[in-house]
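> let me see the structure of the following:
(one chain, ligands or ions: 1)
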Amino acid sequence: MGARDLDDSPSAPAGGGDPSVFDLSVRDFERVRRIILGLAGIDLSPSKQNMVYSRLSRRLRARNEESFESYLDRLERDSRFAQEERQEFVNSLTTNLTSFFREPHHFAVLADFLRQSPAGAPQRIWCAAASTGEEPYSIAMTAIEALGEDCAVKILATDIDTQVLASAGRGVYGGQATTRTCGDQRLRRFFLRGTGPNDGMVRVRPEVARRIEFAQLNLQEAQWPLLARFGAPLDAVFCRNVMIYFNRATQHEVLRRIAAALRPGGLLFAGHSENFTDCREWFALRGRTVYERL
Ligand SMILES: C[S@@+](CC[C@H](N)C(=O)[O-])C[C@H]1O[C@@H](n2cnc3c(N)ncnc32)[C@H](O)[C@@H]1O
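Numbers count the residues shown, from 1 in each chain. Now for the predicted structure:
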């Protein structure tokens, strides 16, 4: 990193005298990168200055902070402020893009895997970056389609971001987008249509939702006690499109612990741009971004 990278010159929208607009210096940006790496394992690219600016300036306004520097000072040094604000800081910097049946080939593999499992045996599936819920609900719909309403499939759906988890728990989505990604047949089978003020919205039916437990879990944390409570060893793990935010060392550590939680023969589903082939000691590639625990 050159000396220029650490100077104080503004690198994102300058105030120009408007008190509602802040300056994000290179030093502030580097501080944000360091803090979010420590809290969430998210290794923000140096090109994300504008993203950081737009997402965190909302927090500065909400907190009546005058500058990024004062906000970050309080976040690091004022323990009461940090206790209240840390989660909002993390929520602001996560990227939550998702959709129902994203990367649809995974759900065909999951359906076959569930059909091949011993009849009646409970299946435990962990969705490790559940975002607003479309992924765990897609897993639940796939399980019901493959094994029927009475199947013993349980899903633990976790994320670091408390705001998306709250939305996931409500299970309410826009009707048009849901029809586009789930199709008419699934919409009729698995969703209730909103009426009155909820016209145009749909809600996941309780018989789908009841299979899923939503909870906060930070993949960066050293221990995942929630998994033991849920009942490891697990049969399958969806850990998709979250490792891309982590550096190599964090990815390796998270994979090591996922491997420890999966039963031999269990499946790990990864995101389309995530490649874990250097973890051959734990996993064998079994299809496009699907790995089997050895
Ligand atoms: C791009 S979304 C992927 C959602 C879904 N898995 C999919 O593939 O459609 C990434 C999710 O990872 C979550 N995330 C980021 N860092 C995390 C961490 N350290 N622990 C748990 N979840 C994290 C974010 O909050 C976000 O909801």
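
> which of the helices or strands spans residue 65?
Under the assignment given by DSSP states H and E, residue 65 is not contained in any helix or strand.

> give me the element the residue nearest to it when sequence neighbours are not counted is part of.
Counting by Cβ to Cβ, 6 or more residues apart in numbering, the nearest residue to residue 65 once its immediate chain neighbours are dropped is residue 71, at 4.1 Å. Heads up, the C-betas are built off the backbone N, CA and C, glycines and all. When secondary structure is defined by DSSP H and E, residue 71 falls within helix 68-77.

> and whichever helix or strand comes after that helix, average pLDDT?
Where DSSP H and E defines the elements, the next helix or strand beyond helix 68-77 is helix 79-93. Helix 79-93 shows an average pLDDT of 98 in the prediction.

> could we number from 184 for the rest of this?
Let's use 184 as the start, then, which means that last one is helix 262-276.

> and helix 262-276 with the ligand, contact?
No. Helix 262-276 is not in contact with the ligand by Cβ under 6 Å from any ligand atom; minimum separation 7.7 Å.

> what pLDDT does the residue nearest to residue 248 get?
We have a pLDDT of 98 for residue 254.

> could I get the contacting residues of the closest residue to residue 414 other than its chain neighbours?
The shortest distance from residue 414 to any residue other than its chain neighbours is 5.5 Å, reached at residue 307 (Cβ to Cβ, 6+ apart). When contacts are counted by Cβ atoms under 8 Å, 6 or more residues apart in numbering, residue 307 is found next to 336, 337, 338, 339, 413, 414, 415, 417, 418.

> which element is residue 309 on?
Secondary structure assigned from DSSP H and E places residue 309 in strand 306-310.

> hey, C-alpha coordinates of that strand in CSV?
What follows is strand 306-310 as a C-alpha-only set of coordinates in CSV (Å, rounded to 0.1, in the frame of the first residue of the first chain):
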residue,chain,number,x,y,z
GLN,A,306,-32.5,-35.0,7.7
ARG,A,307,-30.8,-31.9,9.0
ILE,A,308,-29.9,-29.1,6.6
TRP,A,309,-28.0,-26.0,7.5
CYS,A,310,-28.4,-22.9,5.3
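
> averaged pLDDT, that strand. What do you get?
With pLDDT averaged residue by residue, strand 306-310 scores 98.

> equivalent analysis for stretch 287-297, please.
The predicted model assigns stretch 287-297 a mean pLDDT of 98.
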